[in-house]
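Student: how would this look folded up:
(3 chains)
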Amino acid sequence: MTTSTALLLADLTGVAVFAASGASAAVAKRLDLFGVILVGVVAALGGGIFRDLVIDEVPPLAFGDWRYAAAAAITAAAVFWLHPQLVRLRTAVLVLDAAGLALFTVTGTLKALDAHTPAVGACMIGMLTAIGGGLARDLLTGEIPVVLRREIYALAALAGSIVVALLVQYGQATPVPLSAAAAFVFLLRLVSLRRRWSAPVATLRPPGTGTRGPQG
Amino acid sequence: MTTSTALLLADLTGVAVFAASGASAAVAKRLDLFGVILVGVVAALGGGIFRDLVIDEVPPLAFGDWRYAAAAAITAAAVFWLHPQLVRLRTAVLVLDAAGLALFTVTGTLKALDAHTPAVGACMIGMLTAIGGGLARDLLTGEIPVVLRREIYALAALAGSIVVALLVQYGQATPVPLSAAAAFVFLLRLVSLRRRWSAPVATLRPPGTGTRGPQG
Amino acid sequence: MTTSTALLLADLTGVAVFAASGASAAVAKRLDLFGVILVGVVAALGGGIFRDLVIDEVPPLAFGDWRYAAAAAITAAAVFWLHPQLVRLRTAVLVLDAAGLALFTVTGTLKALDAHTPAVGACMIGMLTAIGGGLARDLLTGEIPVVLRREIYALAALAGSIVVALLVQYGQATPVPLSAAAAFVFLLRLVSLRRRWSAPVATLRPPGTGTRGPQG
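Tutor: Presented below is the predicted three-dimensional model:
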């Protein structure tokens, strides 16, 4: 198996995983079959479409290679039909979601660097590729994005993208170190989920003194 | 009237129709005149801007041809002043909205194919062009997007875009078959509204066993 | 100090100001440190990313020049740690926010005209650059965008962008008139805040006769 075949397979796995997460959220919102597929497809492809727009790879891969849309739609439809079983497999979904986050971090950062984006920008693009699909999913289903809640999520992606940028900088962007970077993101996300690690929250001295209350 | 003039007129009609739908939603949310115009313009032009970004036609037509913005803004302002009458004409709005959906499906898919997007991607772009404005409208006004609710809406657009892609594939993309494709989307949407057709909804066995509850 | 240095400094000031507004909203929503930084960065850079995408300047400046991301992230982190003091300085934040709106209106419109966008489109892009970050901030934190509420906000930006387009049209786009245009937006926004100026709101005759109720 060549490197590019490995990357394609890994990419499609990431697409399927995010499609499953979007479809699960849509089922919980009582959307119909087509709504479930649509949210699944947007969650799976949204991050990559954003990435390709900002690095000027048009049309975005999600529209240029039918296998991406097919992987997303078929997975979302499968979740629609199978979701009672899937609920029991919630741990598996979280694990796969972490795998997708890890993968899109690595491929997104690499693609941005290949397009000659400076390193800081490439790290931001890598992180946004990884978290973009979940963001779109939560906006569509009317939730405050999960990425903004109290778990290490985007931070794991950002850390991974910095590792990838350093590997490229020092000429070490070969399969083994890149896989290690993906594994690092994957494990950081899983461990933080398990141990409930999170970033600190600001203390609001007298309650409700924020500049805008919860109801705005 | 040449084909391109016909397409332009039809396009501007679609813009006006979606502007009216966005403005109506904004009036119902008690936004002020400028908010009503802004939501109307975003609903009218949002889908086309997305389409032009992914097929790399920059600046997007919405910014490059002043007639688009003018048609959207004037229509939205008219709705602001006339809306009590418009409420009585709600059926007319739904009919016109279906016409806009039909039109943007056909023009969006054609434009994506013209830009050498592969067929599956072009169908997705055509559908997203048609539903994009309504999506933006609902996100701005804090609603779960109507496209995700229980009616045939995006599905009608997707079916229409597949018809258009097949017509192009077999060299039949002439005005009469393309108009028939638009009529097909239009009627499919109207009949499904009238008969309350919808895609199936997943059955959640014990209530609340979704992976994320309604309050997330 | 050259004109371009002045513009860069002003631009970074605008970025910092919008980062502060996004971070404040995120603190009020009880997001954690990373969520606060993320919302701050998106609010600071969102408008400019949209502008650069539609005028095909890729990668967008926000990804191509690390100082933009750094200014946004550092300001947001500072708000996270200092926000109890900041709350008392709420007036200062509103003033700075108006300054950012004024600045991004001028630079956004100029950049769009430089990219050969027709005047009407350039005014729309200038306005959207100025209001885009606040829009993204409110969508992320689950609010109806402030730009849609009853204050002169987007209208001030639109008026300023028209002034800039006229200056360019008549060959007067030199630093002094451009600064005057920015001051005009700044003062229009502040005076409308102070005097509670707003655009009119549609009168709904019998309550609840809008086409869609508040709960949709």
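Student: Show me the residue sitting in the middle of chain A in space.
Tutor: Nearest residue to the geometric centre of chain A (CA atoms, centre = their mean): A:Ala130, 3.3 Å.
Student: For it, identify the helix or strand it belongs to.
Tutor: Element membership for A:Ala130 (DSSP states H and E) is helix A:119-140.
Student: elements contacting the helix or strand that that helix is followed by?
Tutor: Next helix or strand after helix A:119-140 toward the C-terminus (DSSP H and E): helix A:154-169. Secondary-structure packing of helix A:154-169 (3 or more CB pairs under 8 Å, 6 or more residues apart in numbering or on different chains; DSSP states H and E): helix A:90-114, helix A:119-140, helix A:175-195, helix C:33-54. C-betas here are computed from N, CA, C, even on glycine.
Student: buried set for helix A:154-169?
Tutor: Going by neighbour count (16 or more other CB atoms under 10 Å in any protein chain shown), the buried part of helix A:154-169 is A:154-165, A:167-168.
Student: What is the lowest-pLDDT residue among the residues you listed?
Tutor: Note: of those, the lowest pLDDT belongs to A:Ala154, at 87.
Student: thinking that residue is in contact with A:Gly126, fair?
Tutor: No. Using CB atoms under 8 Å, A:Ala154 is not in contact with A:Gly126; the gap is 10.9 Å.
Student: shared neighbours, these two?
Tutor: Residues touching both A:Ala154 and A:Gly126 by CB atoms under 8 Å, 6 or more residues apart in numbering or on different chains: none at all.
Student: The helix holding A:Ala130 vs helix C:119-140, what angle?
Tutor: On the basis of axes from the mean of the first three to the mean of the last three CA atoms, to 10 degrees, helix A:119-140 is oriented at 70 degrees to helix C:119-140.
Student: Helix A:175-195 and helix A:119-140, what's the angle between them?
Tutor: Going by the same axes, to 10 degrees, helix A:119-140 makes 40 degrees with helix A:175-195.
Student: does chain C sit close to stretch A:126-145?
Tutor: Yes. Stretch A:126-145 lies within reach of chain C by CB under 8 Å from any CB of the partner chain, at A:135, A:139, A:142-145.
Student: May I ask which two of those are separated the most?
Tutor: Within those, A:Leu135 and A:Gly142 form the most distant pair, 13.0 Å apart (CB to CB).
Student: of these two, who's got more company?
Tutor: Comparing A:Leu135 with A:Gly142 by other CB atoms under 10 Å in any protein chain shown, the one with more neighbours is A:Leu135, at 23 against 17.
Student: Report pLDDT for the more buried one.
Tutor: Predicted confidence (pLDDT) for A:Leu135: 84.
Student: Over to A:Ile74?
Tutor: Per the predicted model, pLDDT is 95 at A:Ile74.
Student: Contacts for the host helix or strand of it next, please.
Tutor: Using DSSP H and E, A:Ile74 falls within helix A:66-88. The contact list for helix A:66-88, computed with CB under 8 Å, 6+ apart, reads A:11-12, A:15-16, A:18-20, A:22-24, A:26-27, A:33, A:36-37, A:39-41, A:44-45, A:48, A:61-63, A:93, B:118-121, B:124, B:202, B:204-205, B:209-211.
Student: and chain C, which of those contact it?
Tutor: Restricting the contacts of helix A:66-88 to those within reach of chain C (CB under 8 Å from any CB) leaves nothing.
Student: Mark which of those residues are buried, thanks.
Tutor: So, by 16+ other CB under 10 Å, the buried ones in the contacts of helix A:66-88 are A:11-12, A:15-16, A:18-20, A:22-24, A:26-27, A:33, A:36-37, A:39-41, A:44-45, A:48, A:61-63, A:93, B:119-121, B:124, B:202, B:210-211.
Student: Flag the shaky bits of chain A, pLDDT-wise.
Tutor: Counting by pLDDT under 70, chain A contains low-confidence ranges at A:1-3, A:84-93, A:149-150, A:203-216.
Student: Try it again at 80.
Tutor: Along chain A, segments meeting pLDDT under 80 span A:1-7, A:10, A:83-97, A:141-151, A:196-216.
Student: and A:Ala6, how many residues sit next to it?
Tutor: Neighbours of A:Ala6 under the rule other CB under 10 Å: 12.
Student: OK, contacts around it?
Tutor: Applying CB under 8 Å, 6+ apart, we find A:Ala6 in contact with A:Pro175.
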